[in-house]
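A.B. asks: Below: sequence and its predicted model.
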Amino acid sequence: MNDELSSKYLLDIDHSVKLQTFKNILFDHEVSLFKEQTIDVSVDDCDILFLLIHDVQQGFGIRVLNPKTGFTETKYLHMSNPISIQTGSQHIYVLDVSNTILQIEKSTYSMKMIKCDLEYLCDVAIDANERLFLLDKNNQVYLYENEKFKPFLEKNILSKIQDNGAIKFHIGRNDGNFYLFGTTHSILVFSENGEYKDKIIFDKSQVITNFDVFDSRNLLVLFDDRVIVAKLSGSTNKEISKSFREYDHVCVSNDAIYAFDTSKNKLDVMLHTDNFVPSAWYVTKPFDSSSERTVWHKLDLDCKIPTNTQIDVFYYADDSSSLPDYPSWKKTPFNPSDVLIKAQGRYLWTKIVLTSLDGNSSPVLNNIKAFFPRLTYLEFLPAIYSADNASKDFLEKFLSIFETVQSSIDEKINSVSRYFDPNATPDEFLEWLSMWLGHRLDQKWTNKKARVLLESLPQIYKNRGTRRGLEQILSIYLGSSSNHILFFKNEKFLIIEGFQIGCNGDATEINALYGNNPFSFFVLLNSLEVKRELLDEIRKLVDKEKPAHTVGNVVMVEPWFELNNHTYLGVNTYLNKKILTIGESKLGRDSVVSGANI
């Protein structure tokens, strides 16, 4: 299918066609703020707000605010002139005008100073992996890696955007894209690899004060007098709020918008949900029969039509390859899946209209098949049944019911080989195919993982009963591969065999933890990566795939240090560098002065 003729900004067109979503915004409640000056705002994945503030008496600090419960806590820190804040899962990052980045641990508020020699810095951001990025006013983005800041955007990219005049940037939570806002009233979009993707231009008469990112399609843009949702496709923007407040800060979480009016010390909390547009249409490329005056037979639609949705299909045929400006579309019954058509011409176009009555769901069209020439079961009956046009038309439609059933059976027989292909077989046949291959699937296997497993089973059977075979099947089930023990923190499991366990200490202690069976092994699971409800299925897999003479044990390794338990240096425990905590650390006891920390 193509999208040359469609209301395409209202449709998602990829491998299928469905209605696009838009952001539905509802005001929820208001929160009164304290009177400190708010410099910048960030929100974490738990919807906790972190406000970078300045108090005339106590200086700069970070106010932690839970907008749902109203709980607030303030930590004042030694900062000269901070300008931006970003929050990750473990740390808070604050950019100071002195070209210093403060990395603050969320749990203890211990602070590490990262000094850089860059100039004209204006913003800081982190991605989903908590990699640190800086933006300067020349549009260059720097990545902090191996204790150094490296240019992230190539020079040829910078030459194209040199007039942008960067002010602020964000990294999309879901797509990883970079969004740079500049003085030219435009927002530049880059991929997570630094490739230029898009440019969104706004009216220069409008003053943009801030913005944040919903997803790969929507931006939340804050003007001096209102808030709008800007579509990355460049189509219609949706205005959220009129000028009942003059917002100066805004940020977006997974399900809420937090808009700040610091002049009145108010925070407005608005909830956002995804709703489908009411209706959109789509015209396919023409089907070409290769011969003029072709009589088309029927259309077969592979589609899903949930409750309160509708698909309407129109068709038009002509011997010309160009679709007229105003074609005489013929309509089929609504929500068709298999429908006879009356059309004559070499080329056949179809127009699809998708409708959502409540906005909660969308019809989905996967593909359309057009059949020609016209051939019905009526041709196999005596001519008398075709003598009367009215009865002929009814009988033709009636017989098409049986024709559809029969053709469906014939198609399944002709394509039976696809049922033996793990990547092509329907979802409902996966369990059946797995029994053919001697590996019954549990309900906790997702369809995607089940297909990978079934495709890999011939190779896994070659290694069955070995450590390698067990690693292969666990890697597929858990979505990760085993690696060296030092890298377990980045993996989901690790296998340790009895002979790998050293006996440098007391053998009694080792036997208490591992037993004294030399033919035993342990599958260590990363508790931060593996869900506990999968333990029973993992134990079944281990018991099924282990060598017959061995004893397999499954242990969930917790992310803390505990004596006489499964604690491994470099796995769930590591030796940390001493961290300088201003106001608490003692020079010479838990901190030292070195060039790296000055």
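C.D. replies: That came in fine, so what should we check first?

A.B. asks: Would you mind confirming that residue 25 makes contact with residue 255?
C.D. replies: No: with contact defined as Cβ atoms under 8 Å, residue 25 and residue 255 do not form a contacting pair (11.3 Å). For the C-beta atoms, the positions are set from N, CA and C on the backbone; glycine is no exception.

A.B. asks: of these two, who's got more company?
C.D. replies: Neighbours per residue (other Cβ atoms under 10 Å) separate residue 25 from residue 255, with residue 25 holding more: 19 against 9.

A.B. asks: Is it correct that the more buried one falls within a strand?
C.D. replies: Yes: assigned with DSSP: H, G, I helix; E, B strand; the rest coil, residue 25 falls within a strand.

A.B. asks: Residue 67 versus that one, what's the distance?
C.D. replies: With distances taken as Cβ to Cβ, to the nearest Å, residue 25 is found 16 Å from residue 67.

A.B. asks: shared neighbours of residue 25 and residue 255, which are they?
C.D. replies: Contact criterion Cβ atoms under 8 Å, 6 or more residues apart in numbering; residues shared by residue 25 and residue 255: 271-272.

A.B. asks: Nearest spatial neighbour of residue 318, chain-adjacent residues omitted?
C.D. replies: Excluding its sequence neighbours, the residue lying closest to residue 318 (Cβ to Cβ, 6 or more residues apart in numbering) is residue 345, at 4.4 Å.

A.B. asks: right, I mislabeled it, should have said residue 404
C.D. replies: residue 338 (5.0 Å).

A.B. asks: How about the backbone phi and psi for the residue located most distally from the centre of the chain?
C.D. replies: Largest separation from the mean C-alpha position in the chain: residue 384, at 61.8 Å (Cα atoms, centre = their mean). Dihedral pair for residue 384: phi -60, psi -30, per degrees, to the nearest 10.

A.B. asks: most centrally placed residue in this structure?
C.D. replies: residue 174 (4.4 Å).

A.B. asks: which ones are touching residue 66?
C.D. replies: Neighbour list for residue 66: 47-49, 72 [criterion: Cβ under 8 Å, 6+ apart].

A.B. asks: related to what we said a few turns ago, give the full set of residues in contact with the residue farthest from the centre of the chain.
C.D. replies: Contacts for residue 384 (Cβ under 8 Å, 6+ apart) come out as none.

A.B. asks: so residue 349 sits right up against residue 328, yeah?
C.D. replies: No: in this structure, residue 349 is not within contact of residue 328 by Cβ under 8 Å, at 11.3 Å.

A.B. asks: which residues do these two both contact?
C.D. replies: With Cβ under 8 Å, 6+ apart as the test, residue 349 and residue 328 both reach residue 316.

A.B. asks: More neighbours: which of these two?
C.D. replies: residue 349 (22 against 8).

A.B. asks: List the contacts of the more buried one.
C.D. replies: 283-287, 315-317, 323, 327.

A.B. asks: Tell me the bridge partners for it.
C.D. replies: Note on residue 349: beta-bridge partners residue 316, judged by DSSP bridges.

A.B. asks: Please report the distance of it from residue 422.
C.D. replies: Going from residue 349 to residue 422 by Cβ to Cβ gives 37 Å.

A.B. asks: For the residue nearest to the centre of the chain, which three-state class applies?
C.D. replies: Counting by three-state DSSP, the backbone at residue 174 sits in coil.

A.B. asks: what ranges do the strands span in the stretch 201-350 of the chain?
C.D. replies: For the stretch 201-350 of the chain, applying DSSP state E, counting those that start in this stretch gives strands covering 208-213, 218-223, 227-231, 238-241, 249-252, 256-261, 266-276, 279-283, 287-288, 295-304, 309-318, 330-331, 338-344, 347-356.

A.B. asks: For the residue nearest to residue 318, give me its contacts.
C.D. replies: Residues near residue 345 by Cβ under 8 Å, 6+ apart: 292-294, 296, 317-319.

A.B. asks: what's the answer for residue 96, then?
C.D. replies: Contacts for residue 96 (Cβ under 8 Å, 6+ apart) come out as 79-83, 102.

A.B. asks: could you flag which of these are buried?
C.D. replies: Neighbour counting with 16 or more other Cβ atoms under 10 Å marks 79, 82-83, 102 as buried within the contacts of residue 96.

A.B. asks: which among these gets closest to residue 366?
C.D. replies: residue 83 (49.7 Å; Cβ to Cβ).

A.B. asks: Can you tell me the strand partners of the host helix or strand of that closest one and which way each runs?
C.D. replies: Using DSSP states H and E, residue 83 sits within strand 82-87. Applying DSSP bridges, strand 82-87 is found paired with strand 91-96 (antiparallel).

A.B. asks: quick one, helices of the stretch 51-200 of the chain?
C.D. replies: Counting by DSSP state H, counting those that start in this stretch, one finds helices in the stretch 51-200 of the chain at the ranges 155-160.

A.B. asks: Domain map for the chain?
C.D. replies: Domain assignment of the chain by automatic domain parsing yields the ranges 1-20+277-375, 25-272, 463-598.

A.B. asks: Can you say which of those domains is nearest to residue 400?
C.D. replies: Nearest of the domains of the chain to residue 400, taken as Cβ to Cβ: domain 1-20+277-375 at 5.5 Å.
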